[in-house]
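Q: no sequence for this one, just the structure:
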């Protein structure tokens, strides 16, 4: 299972540091959880391939578009089928104010995505992603505040905001452009995809390169921020290389690409039509059944015409965690994503992904 108030700028939020970067608070907790979850080595797991986290920016104003997860540098073999169920639990807690704009993003969103990939011929795959989303006031505020208090970490606006509130609101020049303040759920924007294997090494540590493409269809409700109302096209390259180590093996991977977006319904007069994105990460597998991974995801701004970082800014997120192998064909990713470039993505996203090949 890719089973991820008064609007003021809090001094505590600003005190993280002048560059807007924050510590990676949950990495130790995540690795401890991985160790507890797997008490022993499954005998049926071969040395696992390390693939990227299937993650992207889950900000309420960004997830509506067709920003893709980068996928693997190796496509699904011909006549093989791969299914992945992903769950991303996002906690948003940020606000901003300028001379003309005000924004409040406070709440939780649960995103479940069912994806299927099929190898239609050697070196070619096709796929579909069907997301389902729910907006809620949630339940994580107490846990996150308690964790921050225990380790002396900054709280941002959490201490001054109502617990477990749902309020996604953006106002520009006195006009409310976005307002979601009641719980709802529904299907998101469906995505169709394809990939072509450009290179696949045949050595013990192969270099792989794949060209990916996707089209996102406007099937989600844009008023609920389940979709954008636009049709989005994305094209990108994903590459990976692997090397053997005295203990296990190390994989380095990267991706870069661009998107073309038609005019949508979310902040339609501020939406950009071209966006760039990329990822860089690595994974180390010290054991056949376990890989530890760190990945950075980034993109340029989706909007213009605002001085608020939550609206008109690029973004960088860091995902830390790992993969557990249950068998030769079934794997679980567990990751925690944080807004490295503060206020441009959710405070924290808990990411789970269960993947199996048939």
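A: Looks like it arrived, so ask away. All figures in this text were calculated on a predicted structure; none of them were measured in a lab.

Q: Quick one: low-confidence residue ranges for this structure.
A: Low-confidence segments of the chain, defined by pLDDT under 70, are located at 1-47, 147-161, 204-205.

Q: Tell me where it has helices.
A: In the chain, the helices defined using DSSP state H lie at 11-14, 27-37, 141-150.

Q: is residue 94 in a bridge, and if so with what?
A: residue 105 (DSSP bridges).

Q: now do residue 257
A: Beta bridges link residue 257 to residue 236, residue 277, judged by DSSP bridges.

Q: What residues does it make contact with?
A: Residue 257 makes contacts with 68, 212, 234-237, 276-278, as judged by C-beta atoms under 8 Å, 6 or more residues apart in numbering. (C-beta placed from N, C-alpha, C; glycine too.)

Q: now swap in residue 344 and tell me
A: 57, 59, 309-310, 313-316.

Q: right, and the pair among these with maximum separation?
A: Set against one another by C-beta to C-beta, these have their most distant pair in 310 and 316, with a gap of 14.2 Å.

Q: okay, the two: which has more neighbours?
A: In this comparison of residue 310 against residue 316, neighbours counted by other C-beta atoms under 10 Å, the higher total goes to residue 310 at 24 against 18.

Q: any idea how far the spatially closest residue to the more buried one that is not a sequence neighbour lies from residue 269?
A: Nearest non-adjacent residue to residue 310, counting by C-beta to C-beta, 6 or more residues apart in numbering: residue 103, 5.0 Å away. Distance of residue 103 to residue 269, computed by C-beta to C-beta, to the nearest Å: 16 Å.

Q: Pick out whichever of the two has more residues nearby.
A: More neighbours sit around residue 103 than around the other of residue 103 and residue 269, counting by other C-beta under 10 Å; the figures are 24 against 10.

Q: ok, the more buried one - contacts?
A: Listed by C-beta under 8 Å, 6+ apart, the contact partners of residue 103 are 7, 94-97, 169-171, 308, 310-311.

Q: cool, and residue 141?
A: With C-beta under 8 Å, 6+ apart, residue 141 has these contacts: 91, 93, 158, 163-164.

Q: hang on, residue 179 packs against residue 168?
A: Yes. Here residue 179 reaches residue 168: they are 7.3 Å apart, a contact under C-beta atoms under 8 Å.
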